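> next input, structure requested:
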Amino acid sequence: MRKVVLGLAVSLDGFIEGPNGEFDWCFTDQDYGLTEFFAEIDALFMGRKSYELAQKLGDAAAIPGMPPVTEYIFSDTLSSVKPGAIQIRRKDAIARVKQIKAEEGKNIWLYGGAELTSVLVSEGMVDELWLSVHPILLGSGKPLFTGLKSRVELKLVENKQYETGLVSLKYSIKPKG
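As a prediction, the model looks like this:
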């Protein structure tokens, strides 16, 4: 079965964006494990807001070394998505995620956003977290986790510290029950 892996940059105080939606604080000076991560994925889950931002940024949103992936866009309000992307409606979301996870393939990158992340984590659809904790306190912005229905227990699988102060943390999510 494929895994859904949340992979994001986060500030030390738990924000994925600054107070004005900025992410200029994210390090891009080296690979930080992305090449290895990209070798393990072939699909991407993305919420509407993250999708719209990526479309607005165009080529600037391209991530060096990212392989071709099947993009699943979770939205009830978009009238269309780019060719090749697949739109998933809220009422079908959990059933579709279960179906996609059961299909043959590599892991699935849960790229964003915060609302989609909270729903999928709360519903037990996320298997791993890979957080790149940046050595910065933003003070405010968009928090990574909001609206979780209950506690989520994690098991540390791997950690790596870089000279820049970035710490990569990989956790598996313990099954409920």
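
> low-scoring stretches of this structure, by residue?
Across the chain, the ranges flagged by pLDDT under 70 are 59-61, 177.

> quick one: the helices in it?
Assigned by DSSP state H, the chain shows helices spanning 34-39, 48-57, 93-102, 114-122.

> looking at those helices, spot the one closest to Leu166.
Shortest distance between Leu166 and those, using C-beta to C-beta, is found for helix 34-39: 12.0 Å. The way it works is simple: take the backbone N, C-alpha and C, and place the C-beta from them, glycine included.

> other residues contacting the closest one?
Helix 34-39 has contacts (C-beta atoms under 8 Å, 6 or more residues apart in numbering) with 5, 7, 63, 65-67, 109, 130.

> so what's Ser80 up against?
Neighbouring residues of Ser80 by C-beta under 8 Å, 6+ apart: Gln87.

> distance to His134 added to the helices of the chain, as CSV?
Formatted as CSV, the helices of the chain follow (distance: least, C-beta to C-beta, whole Å):
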stretch, distance to His134
helix 34-39, 14
helix 48-57, 18
helix 93-102, 28
helix 114-122, 17
